[in-house]
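Peer 1: with the input below, show me the fold.
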Amino acid sequence: MKTVFFESIENTQNYALNNYKSEPLLVISYSQESGRGREQKEWENADQSLAVSLALENKNQNLKNTLIPLIAGYCFLEVLGNDEVSLKWPNDINLNDKKVGGILVEERNQIICIGLGVNYFWKNPSIPNAGSLYNKAIDNNLINTNAEEWGELVTDYIGNDKFDLNRYKKKLTTLGKLVEYPEGRGWAKDVDIDGSLIIETPEGKMINLTSPLITEVK
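Peer 2: I've put the predicted structure just below:
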């Protein structure tokens, strides 16, 4: 895996996709000038944040690309080793009911680009329900180490088929909850083998949800 570092960059996703050659490429930056989130939402930099993108080819024919956002989130929790940090299906990273990070997966010409954005320290978040992993600034070397370990673990999980869906589900807060999605609402019952969320509607119908636009109803 080739790794490049930036203090600031226009967009880690674009750089990774435009500069990928033949080996996995990991792009690490502390801030983005024109970052983007899901649904083309604008990226906002925390006081101390990580923006990292991993470009690679999924040569594992047994692994569906729809599982990659789940793998990416799970691998970051494995790197952190903090049991208080959890996942909301399919790609939000949460701490104390606040979103501290998220995953964005894009594809271009069969190249998969996995973006991970994490707020490490944010004194006064400008986004509702946003938070950070720490309540004070930390050494950037730890951020670098987390990013590199995450890239290596994701590459290993994808290439060697190591992802365990049952272990992922143990980190998930979504199951058992009432959730709302664009077409309605229902109870999150399980995660299918393709990564989709199995929902039971109020009418008792079971559906597989693929849209990431869900809200957990408290």
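Peer 1: ok, and what's touching the helix or strand of the chain with the lowest mean pLDDT?
Peer 2: Taking mean pLDDT, DSSP states H and E as the measure, the chain has strand 215-217 as its least confident helix or strand, at a mean of 87. With contacts defined as CB atoms under 8 Å, 6 or more residues apart in numbering, strand 215-217 is touched by K88, T173, T174, K177, L178, V179, E180, Y181, R185. Yep, even glycine has a C-beta here, placed from its N, CA and C like the rest.
Peer 1: try stretch 175-186
Peer 2: Counting by CB under 8 Å, 6+ apart, stretch 175-186 makes contact with 89, 169, 187-191, 197, 199-202, 207, 209, 211, 213-217, all of which sit outside it.
Peer 1: next one: stretch 1-10
Peer 2: Outside of stretch 1-10, the residues that reach it under the criterion CB under 8 Å, 6+ apart are 12, 15, 23-34, 51, 144, 148, 151-152, 155.
Peer 1: so of these, which ones are in helices?
Peer 2: Counting by DSSP state H, the part of these found in helices is T12, Y15, N144, E148, G151, E152, T155.
Peer 1: now the two most distant members of these.
Peer 2: Farthest pair in the ones in helices among the contacts of stretch 1-10 (CB to CB) is Y15 and E152. Separation: 19.1 Å.
Peer 1: who's more crowded, these two?
Peer 2: Neighbours were tallied for Y15 and for E152 using other CB atoms under 10 Å; the higher tally belongs to Y15 (20 against 17).
Peer 1: per-residue pLDDT, that one?
Peer 2: At Y15 the predicted local confidence, pLDDT, stands at 96.
Peer 1: contact partners for it?
Peer 2: By CB under 8 Å, 6+ apart, Y15 lies in contact with V4, I9, V27, S53.
Peer 1: ok, now with 6 Å
Peer 2: Neighbour list for Y15: V27 [criterion: CB atoms under 6 Å, 6 or more residues apart in numbering].
Peer 1: do the same with S53
Peer 2: Taking CB under 6 Å, 6+ apart as the test, what S53 contacts is T12, Q13, A16, V27, C113, G115.
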